[in-house]
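>>> what's the 3D shape of this:
(chains A, B, C and D)
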Amino acid sequence: MGTSRRSYLTGAAGSAFALTGLAGCLGGGGGSGSSTETTVTPTEDDPLVVSVFGGVFKEVLDEHLIQPFREETGIPVESQAQGGAANVLPKLESAVRGGNAPVDVADMSAIGTLRGRHSDLWMSWSDDEFDNVPKVSDDLITRASDSDEIIGVGSQAWFINLVSNTEVLADPPTSWTALWDSQYESQLGLLTPAQTSFLLDITAATHFDGEDLLSTKDGITQVFEKLAAVKPQSSLWYTNEANFEAQLKSGDAPAGMLYNDVTVVMEENGAPVTSTFVDEGSLLDSGRWVAPRTSDKRGAIVEFIDYASRPEVQDTVSRNLYTAPTVEQQHSSLDDQTFEKIVGPGLDAAIVPNYEMYIEREQFINQQWNELIIQS
Amino acid sequence: MNTRIRDAICRLALRTYVSAVLVFILLPLVTIAAMSFTPGEFLQFPPQGFSLRWYHELAASSQWMTALRNSLVVALGSAILATTIGGASAYALYRYDYRFGALLAGLTTVPTLLPPVILGVAFMTFFVSLGVVGQVSNLVVAHAVFVTPFPFVLISQGLDEVDRSYEEASRNLGASRLTTLRTITLPLVRANVFSGALFAFILSLNEYIIAWLVAGFAFKTIPIQIFTSLRYSYSPIIAAISVVFILATVAVMFGIDRLSGGIWE
Amino acid sequence: MTGIVLEGVDKWYNDDVHAVDGVSLVVEDGEFVTLVGPSGCGKTTTLRTIAGFESPTSGTVGIDGRDVTDVAPDDRNAGMVFQDFALFPHMTIAENVAYGLRVQDGHEDVDVDARVEEMLDLVELPGTADRTPEQLSGGQQQRVALARALAPRPDVLLLDEPLASLDKKLRETMQVEIKRIQQETDITTLLVTHNQTEALTMSDRIAVMNDGHLAQVGPPEEIYNDPNSRFVADFIGTANVLEGTVTRLDDGVATVDCGDHALRATADEVAGPGDDVSVVVRPERTALDATAADGGADPDVNAFEGRIELRQFMGDRVEYHVDTGERTLISVRDAESPGLDVGDPVVASAPVDDCLLVGTTDD
Amino acid sequence: MTDTTHVDADDRRAFTGSLPSPKYLVASYPVAMLVVLFGVPFCLLLVFSFYQNVEGGYFAPGFTLENYARFLTSDLYLGRTLFTFEVSVATALACLVLGYPLAYYLARLDGGFRRQAYLTTVVSTLWLTFIIRGYAWQVLLGERGIVTRALAALGLVPSGEALTPGLGALLVGMVYVFLPFMVLSLYTTIKDIDRSLEEASRNLGAGPVTTFLRVTLPLSKNGIASGTTLVFILSLGVYVLPRLLGGPSQWTLPVLIGNQVGVEGNVPFGAAISVVLVVFIAVVVGGVALIVRDSDPDPSDAEVEA
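Just a heads-up that it's a prediction; the model follows:
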């Protein structure tokens, strides 16, 4: 592509602007110019709005993060459940373009954070605005592409592990190579779409000695060719965890890939399932606290993110959600047994997805992926 | 073969078949209803015991209640808007001749025949282009267009049955066009107007994909909330809200039926 | 002030249907005029043009001395009774009757109530105020429709086939009723009907309409006794019509060659020798006699020999169809007169004075 | 809708007077609303289908045929189009076969109450969100669902295996959702068939089957055409059921559109697929209208009954 991405964006923004002008009063002053200089203090009528993933996530974060934050700082705050990260971003993008982002802080997937960075959606901060953020693992901090400013701070991290039904499989698989093992023909539950599943990274790490291959289109094609061989083993390509959970529990799909935190909860509820940290490394995905740059509550946002990054808050959330804390291990006070259960051999042993690839080659990867999973 | 026996067999086969289809239609509803009364954590059929636990949890959940309120607001708004558009269109076409009358009728009826997802994408591009995103009114407008055919068709039917001489008599007695519309035409098609509005309401209430594409970030209607929840679990709370929705839908349908004096006859 | 004035009213539909063709008609104050004609002759369109539901292509409409051609229906003050009565089904009888007053400004409730009562008394339906239209019989609905039309004190009353949906007995009663009410209120009235009996019994004057234009306007007696065209003669009452050519004309008596007969008929100045004409004879002016009774020819009487083909007993009278070879003549006699049977040879005779010469065409 | 011979008296005044004709005033509201709120979005959909997608970002205004080229040259999308078509045809035919006897029975049922009760049952589900109905079938066809267990007990499916997601589950769900439309379409047609025609046929010695095939079926062809077309068109647009009851290999075009726009953030490509689907539907509707032009197969009429 000859034209730079940014010029496309400017064009798009320009046309949006023109139309906004046409729309007149409808836009409510759709000006999306930088408003980071002014900061408004949240009030009960206009609280700090934090959007988080739904389900158990919201329940736990409400109790162990939102509530304590309000009690300690007195800042009015309310949480909202957002849909799956993937479909939230386009809406957030349109909202920010319209100049009226509906939330002040969002718990965004790493990929979503980067997509937002491409579209220049996020507010940025310098390191010295925070006290606790420096304790967060560097891997889990996202910075602006043209400066050193922070735009996303690790909220939670979670592992995608190999999981299996202990009643059906006496000997649970421990290596990603199981996905290619005909012994598991039509038995595995696998995640879709590509940027949720990260099977490309897993394939590259398992069969191609690392991720360098994924930096070129040819390399990606090569990985896809290898990946095609997992199809016979798949009994279910799922987007809804609940779907696979039911089949895993029943033994319908006795093994597969699933979030460690979800599986641990199932296990504790008495389901015959186990979650295994994989030999080649489990896949580590994570969320970021981000703030749409159109928010006018910069002060409270910084305070909130810093509070969320406190080691003791991180530990409490981890104990309840079984997600991994995002602060470096030396700051964490989790006992070894808990740490083992939720972080396994540690953050460093994990496979970290090549997030940039999913964004730069989005269309190509999606097309290949759809052909892989849809076409029979 | 004896004709009478043959007829009897035919009739019996038909009746058996009809019963089977009715079971097929009712089974899912009955199952959901039964499961919503489970006291346990998980969906079970048959349920182990009877409890209103999940209905209490539903009522106590701010998420579900917010979604319910959103759904009702959107459905009410879009039903009203759709009824004004569909009603005006029906009235214009019934009252006057236009060279492009068929075009107006087509424009009014086509939105229901199009795949909703396409309407959703079209509205998304529309509101993004306008730079108006995340407003509740967006969804109201989108749903209104989607459901407009229903009030249009029902009110057209009603107007069709109204003898033109009622309006003429009114005009003849000195009533202006507007007074006639208000005191004669509208009262005579009132049942159709309400039926049309109720259809629009119920359709909007139950619509998912347009709502999902058009609704703002974090704005959830009940269908969106159900779909999102299904991602995480098959909680009996979904069965409970479904039962509430089924009852509401049946109640409204019953109302429509009473209003229009048996729409199926 | 003149009740209704139509001047050269023309109505075209879609440039190809000429529904009303240059109709000019004056209905005087307090007069009862009936517009009569077959279906599709344009009489209803004419009435609707007066009410304002149709707009004339050309010509003017005047009501009570005012040109209302471009006035909306609600400003014409022309009360109308519709064929199907059009009583508002969602209102009570009282609300129906009051409607015309309610939609006008400046009427006190007590006045409206008094007027409703007065009107219901007028149409002899007291005590029905709180019922709904569907609880009333057809005749009662008719009366309510009349009361409703009259309540706002219209300048003129327009009746569009008001009796068409009633059975015969009721129709006769209502003819009398409508006439009585019209006389009591002394309101200018235009009635549209296709029923000639209604026209004859109720009207001060009759306007016969055919194919969009007025064929003849005049008092009932004139229309009946002195039709100006074959159409009018045929449409109003029953008529024997004989076609032929004028061979002679003297002293207002024409001799017409009808093929098998040479008839003598009273002629208007319209006809001259060589004209194709029709001769009209009313059945009741035709005498029937047994053949043997008469031998010589009376120059003032036209006689036809024939046989009784059909005998219809009508209660007070008997109608005979006489086959005279080329045509069938209809004759009516009192029921008391001596009976004739089918097959009997007879002579049908009509005095020259009662044989009327009219043009062959409808004009 | 209006008789063409009637011309309102007010029209003339409109041309002679200075006020705008109420005729156009009345129509202007729905026309304006529909043009602005329906016509414009639809045109924008078309416009967006020529925009360029920006990877990792949004979209850029411009003109490219890339989106259409991508669709038309990809086995994936052409294959999905075929699949969507097949599923819709299968649904329409299954609804016809399953719905006809029921509609016939209801139309010929004498008792007012029983017919009312049955009809109410049939339409009771019609207005309920696809999501709840899809969810119900997910549960019923799940590995512990009673339908699954019943079928397993009959030896029709292996026991303990979920039937969802899968093609079977999708078809069951589709038929479940669209059967009421078909039944209502057929019901109104069959009800209007004069019963004495059937009796005459029986009277002439034809058996019930012959009577059905020679009399009832041909006379109800309008209902068959409109019901089948309606179900087919509505089936083409279903999004929720393939998502809830099918796996990726059961995804239809609407799901792909939803994914492009809502998940992959590729609005232009989603718009292009939408346009293709609309054209496809228009061609089908036009084709059906041509075939049964003189027998009034107005699908919107059938919808009305619904």
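
>>> rest of the way, CA atoms for contacts and neighbours
Will do.

>>> contacts for the helix or strand hosting residue C:116?
Residue C:116 is located in helix C:109-122, with elements delineated by DSSP states H and E. Residues from elsewhere that reach helix C:109-122, judged by C-alpha atoms under 8 Å, 6 or more residues apart in numbering or on different chains: C:94, C:97-98, C:101-102, C:126, C:129, C:144, C:147-148, C:150-151, C:181.

>>> Please check those residues and keep the buried ones.
Among those, the ones that count as buried by 16 or more other C-alpha atoms under 10 Å in any protein chain shown are C:94, C:97-98, C:101-102, C:129, C:144, C:147-148, C:150-151, C:181.

>>> Just the ones of the residues you listed in strands?
Among these, no residue falls in strands (DSSP state E).

>>> Tell me the one of those nearest residue C:310?
residue C:181 (41.7 Å; C-alpha to C-alpha).

>>> residue contacts, that closest one?
Residues near residue C:181 by C-alpha under 8 Å, 6+ apart: C:122-123.

>>> Now do the contacts for whichever residue of chain B sits closest to chain C.
Residue of chain B nearest chain C, by C-alpha to the nearest C-alpha: residue B:174 (3.9 Å). With contact set as C-alpha under 8 Å, 6+ apart, residue B:174 has these partners: C:73-77, C:100, C:103-104.

>>> hang on, the earlier thing: most widely separated two among the buried ones among the contacts of helix C:109-122?
C:102 and C:181 (23.0 Å).

>>> Let me see the domain layout of chain C.
C:2-230, C:239-359 (automatic domain parsing).

>>> Highest mean neighbour count out of these?
Mean neighbour count (mean count of other C-alpha atoms under 10 Å in any protein chain shown) peaks for domain C:2-230 among these, with a mean of 20.

>>> Are we agreed that residue A:145 is in a strand?
No - under DSSP: H, G, I helix; E, B strand; the rest coil, residue A:145 sits outside any strand and is assigned coil.

>>> give me the number of residues near it?
Burial of residue A:145 is recorded as 13 neighbouring residues (other C-alpha atoms under 10 Å in any protein chain shown).

>>> Now for the residue nearest to it when sequence neighbours are not counted, how many residues are close by?
Excluding the flanking residues, the one nearest residue A:145 by C-alpha to C-alpha, 6 or more residues apart in numbering or on different chains is residue A:117, at 7.6 Å. Other residues near residue A:117 number 20, with proximity taken as other C-alpha under 10 Å.

>>> my guess is residue A:117 meets residue A:146, correct?
No - using C-alpha atoms under 8 Å, residue A:117 is not in contact with residue A:146, being 10.3 Å away.

>>> any low-confidence regions in chain A?
Applying pLDDT under 70 to chain A picks out residues A:1-38, A:83-88, A:90, A:376.

>>> most residues in a single strand of it, which one?
Counting residues, the longest strand found in chain A (DSSP E) is strand A:150-165.

>>> do the helix or strand just after it and chain B meet?
Next along the chain after strand A:150-165, taking DSSP H and E as the criterion, comes strand A:188-191. No - using C-alpha under 8 Å from any C-alpha of the partner chain, strand A:188-191 never reaches chain B; the gap is at least 12.6 Å.

>>> So strand A:188-191, near chain D or not?
No - counting by C-alpha under 8 Å from any C-alpha, chain D has no neighbours in strand A:188-191; the shortest distance is 11.0 Å.

>>> Next up, the contacts around the residue nearest to residue C:239 when sequence neighbours are not counted.
Nearest residue to residue C:239, sequence neighbours excluded (C-alpha to C-alpha, 6+ apart): residue C:282, at 4.8 Å. For residue C:282, the contacting residues are C:238-240, C:331, C:354, by C-alpha under 8 Å, 6+ apart.

>>> and of those, the nearest to residue D:68?
After measuring the contacts of residue C:282 against residue D:68 - C-alpha to C-alpha - the closest member comes out as residue C:238, at 79.6 Å.

>>> the strands in chain D, which residues?
D:52-53, D:59-60.

>>> Would you convert these into CSV that also reports mean neighbour count, distance to chain B and mean pLDDT?
Supplementary listing: the strands of chain D in CSV, determined by neighbours: other C-alpha atoms under 10 Å in any protein chain shown; distance: least, C-alpha to the nearest C-alpha, whole Å; pLDDT from 0 to 100:
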stretch, mean neighbour count, distance to chain B, mean pLDDT
strand D:52-53, 23, 13, 90
strand D:59-60, 22, 11, 84
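
>>> Present those strands as a markdown table; the columns should include distance to residue D:182.
Shown next, in a markdown table, are those (distance: least, C-alpha to C-alpha, whole Å):
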| stretch | distance to residue D:182 |
| --- | --- |
| strand D:52-53 | 40 |
| strand D:59-60 | 41 |
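
>>> Tell me how far the helix or strand harbouring residue A:289 lies from the chain's centre.
Under DSSP H and E, the secondary-structure element containing residue A:289 is strand A:283-290. Taking C-alpha atoms, centre = their mean, to the nearest Å, one finds the center of strand A:283-290 at 4 Å from the center of the full chain.

>>> Which helix or strand lies directly C-terminal to it?
Taking DSSP H and E, what comes next after strand A:283-290 is helix A:298-308.
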